[in-house]
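Colleague: structure for this input, please:
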Amino acid sequence: MSRLDLQAVESSREYEAILEGHDDWVTCLAVSEAGIASGCTDGTVIIHTPKGEISSIFNVEDGLAVFAVVWAPDMHTLCSGHADGSITLWSTAEEDASRTLRGHSDVVRALAFDEKGKTLASASQDGTVRLWNRSTGQCNTTFDVGTSVLSIAWTPKGEQLIAGTDGGRILLLEPSSSVMNEVATVDGDALCLCWHTKGKHLAIGDSSGQLTIITKNGEEKFRVKAHSDWVTGIGWNRVKQKIVTCGFGDDPTIKVWDERLTIVGSFEGHSAGINAVAWSADGTMLCSASCDTTIRLWKPSTIITEELRQSRKENRHDDSCRCCQWSPDGAAIASGSDDKTLRIWSSDDSTQRLHCFREHGDWVTDLAWSPDSKMIASACGDGIVRVWSLATNKVVHEFRGHSDWVEAVDWSSDGRFVASGAFEHDPTVRIWDIEAGTMAHCCTGHEDRIQSVHIHPDCTFVASGSSDGTVRVFDLSNGKEALCLQTSATNQVRAVQYSHDGMFLASCGNDCLARVWDSTSGELFFTIDVHRKWVYDLAWLHDDSGIITSSEDSSVRVSLLEDFPSDGSGSQKYIAGFQLDSPVFGLSFDSHLGLACSCATGRLVQLNWTQPKKGRRSTLTWAKSFRRTMKVTMGPGFKRGSDTSLLSGASQAPGIDDLTEEDESELDESDVSIVPVGGDDKHVHLVDRTEAEGRILLKHQLIDCTDEAHTAKKSSVCTLV
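Modeller: Reported below is the predicted structural model:
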């Protein structure tokens, strides 16, 4: 694929687009209405349109690395500074029109036009600042600083220059008299400069990681440790009145500050050091350039607040952390790793490790808590499913039967069964009876490794996701296949999970998509596309109104399911996202405790993120959309679903209204709580969904449809976190 064919990877994430096209470090940025210009160590200057498409590519002579770019005020000329000290003026109005300025003997690190665009200032590692006449290309003035000059900026009125040097000197240069004065010093090399608050103050970023604010006279106003590594870029948003900084090396983040250098939040997403940041003129878009070869365009409205950042807690394994899960009682979180351990951590004190089970013969690939939180099951690469007692810290059961790695495990909500799935040489789902300590069923049908299993909340079915691209549903009572859902021929299904009420089944996989299905009929409701790479895991929001997904692209995304489909594809709304520093293998969400992520680096990251509350109006809209789509009525005369005991249709039963548009307009909160979730030839399950103190209370009722009075023959209540 040629560079001209490369397009922005667009999505509704916290960043608007990822701009690709460079093959090496993107070192510099310049943003204007004419486009987003970037320079790279691969010897190219690329201009992207505001929509993210590549409009021009300029190749520097001899493939010299580019370290500075700047637009002329008329936006018809773009200048770039190179590793050999040369400067090229590129015309965007005339094809192949360029001019090269020579005079520096070392890397050109910064460029700046005066307000009228007649004079170009350049700063170089040769220890000089030069002023060039744009029309003639002649160097009119040279300031010999004596040490590498790393940054430069015109004063607001355009009469003087400010330069930052190696060693932290801040110099005021007078072009009219060639006089040079030192006005301030900072602790590290002065890597970047930016005027703000209408030119009253100058922000300086240095190699010690500090951000310093000084007045025009050099008086220091504020200083803060902004990053753990170099501060390589600064941008001022005139509209939002905020400063942004970017970090290099071990701190590839963008941080947002108010005028007094109080941190407001941050953006995370780059996988390597960031070299430059720049705002669009209207302050609605932030651009960043990174050593990961990309440019990202960010939405300022989706900043990660500092409160959320500070809430982050971390634990660490000695190798990749494959899985994590909050305990049902909320007292602990468990994590499994390639270091062959299963670890239990306190949810109150993330640094307190309660247990560490080391008796595994290989990677711990998955885990599942018992409903009472007293035991935990682990899936292992040695082919054994182990059940551990937290009271004795010993193995209660070792289930042997798989002939390959055990990849997945889940525990039924009634505590009776554990389900497991294995690798490609044994693509079976096995159901283990906890009380008897034996295998109850072996479910066959998959043609490749099984990567996820999940048991239906009412303990009637188990769903499995496989590398053969299918999601299969097996009857828990006899092990027979009840439903087969095909994703795509080349896809590997990485995770499956039923919603809390069991009405929906979600899956995700290597095609970078997540899907939401009707768990009864297998109808596809939603296809969610918010990741660039494989989607490893997912979790439902506590009210089943959306899902959280994690990916190989190191991100976690939250998507709300807004409109149920009438034509086969529902719409969803992206509401939040978090970027970590490595692929996120596993997820667990608790409405009280927050979000836990297991990462390829071995980190177990906890974020105190809670789901935004839905108002009454949005709840009713959601329910109306669902009812219009499903059109489920209940009572005598319903038809049984294909190869499954879940309902696919029925006639009306008391308590479930066949709503008209007029009826829907009068819905209240109590009307939307009761929905059908399944049944058999003579009975139907209803579930009454209510909330109490942030928890979903599910009341299951088994209705006898042959009884004229529709008497409830059986009911049970369970609380799900």
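Colleague: from residue 397, how far off is the residue sitting nearest the centre point of the chain?
Modeller: Nearest residue to the geometric centre of the chain (CA atoms, centre = their mean): residue 555, 2.7 Å. Going from residue 555 to residue 397 by CB to CB, to the nearest Å gives 37 Å. The C-beta positions use only the backbone N, C-alpha and C, and glycine is treated the same way.
Colleague: a strand runs through residue 62, doesn't it?
Modeller: No. Assessed with DSSP: H, G, I helix; E, B strand; the rest coil, residue 62 is helix; it does not lie in a strand.
Colleague: from what I can see residue 24 touches residue 293, true?
Modeller: Yes. Between residue 24 and residue 293 a contact is recorded at 6.4 Å, counting by CB atoms under 8 Å.
Colleague: overlap of the contact sets of these two?
Modeller: residue 40 (CB atoms under 8 Å, 6 or more residues apart in numbering).
Colleague: and those two? Which one has more around it.
Modeller: The neighbour comparison of residue 24 against residue 293 (other CB atoms under 10 Å) goes to residue 293, with 18 against 13.
Colleague: nearest residue to the more buried one other than its sequence neighbours?
Modeller: Spatially, and ignoring its direct neighbours in sequence, residue 293 is nearest to residue 22 (5.1 Å; CB to CB, 6 or more residues apart in numbering).
Colleague: neighbours around that neighbour, how many?
Modeller: 27.
Colleague: what sits against it?
Modeller: 38, 40, 42, 44, 46, 293, 294.
Colleague: ok, now with 7 Å
Modeller: 38, 40, 42, 44, 46, 293 (CB atoms under 7 Å, 6 or more residues apart in numbering).
Colleague: equivalent analysis for residue 146, please.
Modeller: If you count contacts by CB under 7 Å, 6+ apart, residue 146 has them with residue 127.
Colleague: pLDDT score assigned to it?
Modeller: Predicted confidence (pLDDT) for residue 146: 92.
Colleague: with residue 551 as the reference, measure out to it.
Modeller: Going from residue 146 to residue 551 by CB to CB gives 50 Å.
Colleague: likewise for residue 117?
Modeller: Residue 117 sits 44 Å away from residue 551, going by CB to CB.
Colleague: of these two, which one has the most company?
Modeller: residue 551 (23 against 15).
Colleague: which ones are touching the closest residue to the more buried one other than its chain neighbours?
Modeller: Excluding its sequence neighbours, the residue lying closest to residue 551 (CB to CB, 6+ apart) is residue 531, at 4.1 Å. For residue 531, the contacting residues are 512, 549, 551, 553, 555, 557, by CB under 7 Å, 6+ apart.
Colleague: same question for residue 193.
Modeller: Applying CB under 7 Å, 6+ apart, we find residue 193 in contact with 151, 153, 162, 164, 202, 204.
Colleague: from these, which land in strands?
Modeller: 151, 153, 162, 164, 202, 204 (DSSP state E).
Colleague: what bridges to the residue nearest to the second one when sequence neighbours are not counted?
Modeller: The shortest distance from residue 153 to any residue other than its chain neighbours is 4.5 Å, reached at residue 193 (CB to CB, 6+ apart). Beta bridges link residue 193 to residue 204 when assigned by DSSP bridges.
Colleague: quick one: pLDDT of residue 193?
Modeller: For residue 193, pLDDT reads 94.
Colleague: with residue 687 instead?
Modeller: If you check residue 687, the pLDDT there is 42.
Colleague: helix, strand, or coil at the residue nearest to residue 551?
Modeller: Taking three-state DSSP as the rule, one finds residue 531 in the coil state.
Colleague: how close does it sit to residue 192?
Modeller: Distance from residue 531 to residue 192, by CB to CB: 32 Å.
Colleague: burial check on residue 378, number of neighbours?
Modeller: Residues near residue 378, counting by other CB under 10 Å, number 25.
Colleague: SS state for it?
Modeller: Under three-state DSSP, residue 378 comes out as strand.
Colleague: okay, and the beta partners of it?
Modeller: Residues in beta-bridge contact with residue 378 (DSSP bridges): residue 367, residue 386.
Colleague: that one reaches residue 363, doesn't it?
Modeller: No. Residue 378 is beyond contact range of residue 363, at 10.3 Å (criterion: CB atoms under 7 Å).
Colleague: now the strands for the stretch 51-200 of the chain?
Modeller: 54-59, 66-71, 77-82, 87-91, 98-101, 108-113, 119-124, 128-133, 139-144, 149-154, 161-165, 169-174, 179-185, 190-196 (DSSP state E, counting those that start in this stretch).
Colleague: what sits against residue 533?
Modeller: Contacts for residue 533 were tallied using CB under 7 Å, 6+ apart; they are 512, 551, 552, 553.
Colleague: select only the buried ones of these in PyMOL?
Modeller: Listed next is the PyMOL selection for buried residues among the contacts of residue 533, using 16 or more other CB atoms under 10 Å:
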select buried, resi 512+551+552+553
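Colleague: quick one: the contacts of residue 533 as JSON lines, columns for distance to residue 525 and secondary structure too.
Modeller: Shown next, in JSON lines, are those (distance: CB to CB, whole Å; DSSP: H, G, I helix; E, B strand; the rest coil):
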{"residue": "512", "distance to residue 525": "18", "secondary structure": "coil"}
{"residue": "551", "distance to residue 525": "21", "secondary structure": "strand"}
{"residue": "552", "distance to residue 525": "25", "secondary structure": "coil"}
{"residue": "553", "distance to residue 525": "24", "secondary structure": "coil"}
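Colleague: most surrounded residue in the contacts of residue 193?
Modeller: Ranked by the number of neighbours (other CB under 10 Å), those place residue 164 first, at 29 neighbours.
Colleague: report the separation between residue 539 and residue 137.
Modeller: As judged by CB to CB, residue 539 and residue 137 stand 61 Å apart.
Colleague: and if you look at residue 386?
Modeller: 75 Å.
Colleague: which residue lies farthest from the center of the protein?
Modeller: The C-alpha centroid of the chain is most remote from residue 177, which lies 53.2 Å away (CA atoms, centre = their mean).
Colleague: from residue 160, how far off is it?
Modeller: For residue 177, the distance to residue 160 (CB to CB) stands at 10 Å.
Colleague: can you give me the strands for the stretch 501-650 of the chain?
Modeller: 504-509, 514-518, 524-528, 535-540, 546-551, 555-563, 571-579, 584-590, 594-599, 603-607, 639-640, 647-649.
Colleague: Throw those strands into CSV and include distance to residue 240, thanks.
Modeller: CSV is the format used below for the strands of the stretch 501-650 of the chain (distance: least, CB to CB, whole Å):
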stretch, distance to residue 240
strand 504-509, 35
strand 514-518, 33
strand 524-528, 30
strand 535-540, 33
strand 546-551, 29
strand 555-563, 24
strand 571-579, 20
strand 584-590, 30
strand 594-599, 27
strand 603-607, 25
strand 639-640, 58
strand 647-649, 52
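Colleague: and these as TSV, adding mean pLDDT?
Modeller: Below are those laid out as TSV (pLDDT from 0 to 100):
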stretch	mean pLDDT
strand 504-509	96
strand 514-518	93
strand 524-528	90
strand 535-540	96
strand 546-551	93
strand 555-563	82
strand 571-579	64
strand 584-590	94
strand 594-599	90
strand 603-607	86
strand 639-640	30
strand 647-649	31
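Colleague: so which of those is nearest residue 255?
Modeller: Nearest of the strands of the stretch 501-650 of the chain to residue 255, taken as CB to CB: strand 571-579 at 13.6 Å.
Colleague: doesn't residue 109 make contact with residue 124?
Modeller: Yes. Counting by CB under 7 Å, residue 124 touches residue 109, with 6.4 Å between them.
Colleague: and for residue 195, the neighbour number?
Modeller: Per other CB under 10 Å, the neighbour tally for residue 195 reads 18.
Colleague: contacting residues for it?
Modeller: Counting by CB under 7 Å, 6+ apart, residue 195 touches 153, 156, 202.
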